[in-house]
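J.: Using only what follows, build the 3D model:
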Amino acid sequence: MAQQFFLYNPRLQIDIPHLEMKWLDYNESTQQYILEHWEKVRGMIPDKIIEFEGRINHKQDALAQEEDFEKSCQLNHEISELASRINDLWIWYRTTPEIKKKD
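T.: The predicted structure follows:
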């Protein structure tokens with residue numbers, strides 16, 4: 001059922017919400033299910049950030065040793081892409097919907 005409300009994002013390596021209706025159009029039990037799955041995903045985000053930070057550190061070490069300009073540029077590009085992923089993960093981590101009833 002999670003596939004119905006989430007899509008795997010290969011760039012971030014997590015499921016992200018993909019809702020076809022407005023949040024309030026889902027009934028309370030569906031909202032609860034979505035929130036429970038999202039909390040599991042959110043719990044994995046800090047580990048993903050640590051993983052990407054480790055990859056950045058590795059690439060920075062390689063960059064410090066690199067003498068070829070083109071390879072240095074490529075490493076800088078890869079570092080900035082990983083940093084962008086971390087930024088996006090933090091944004092998703094701060095996303096915390098709540099169960100709400102229609103009035």
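J.: drop to CA atoms for contacts and neighbour counts, all remaining ones
T.: Will do.
J.: Report the separation between the residue most central in space within the chain and residue 99.
T.: For the chain, residue 89 is the residue whose C-alpha lies nearest the centre (C-alpha atoms, centre = their mean; 3.6 Å). Distance, residue 89 to residue 99, using C-alpha to C-alpha, to the nearest Å: 22 Å.
J.: same question, residue 4
T.: 18 Å.
J.: Give the next helix or strand downstream of the worst-scoring helix or strand of the chain on mean pLDDT.
T.: None of the helices or strands of the chain scores lower by mean pLDDT, DSSP states H and E than helix 2-5, at a mean of 81. Heading C-terminal from helix 2-5, the first helix or strand you meet, by DSSP states H and E, is strand 6-9.
J.: Which residues outside the helix or strand following that following strand are in contact with it?
T.: Moving toward the C-terminus from strand 6-9, the next helix or strand (DSSP H and E) is strand 14-17. Contact with strand 14-17 is made by 5, 6, 7, 8, 9, 38, 41, 45, as judged by C-alpha atoms under 8 Å, 6 or more residues apart in numbering.
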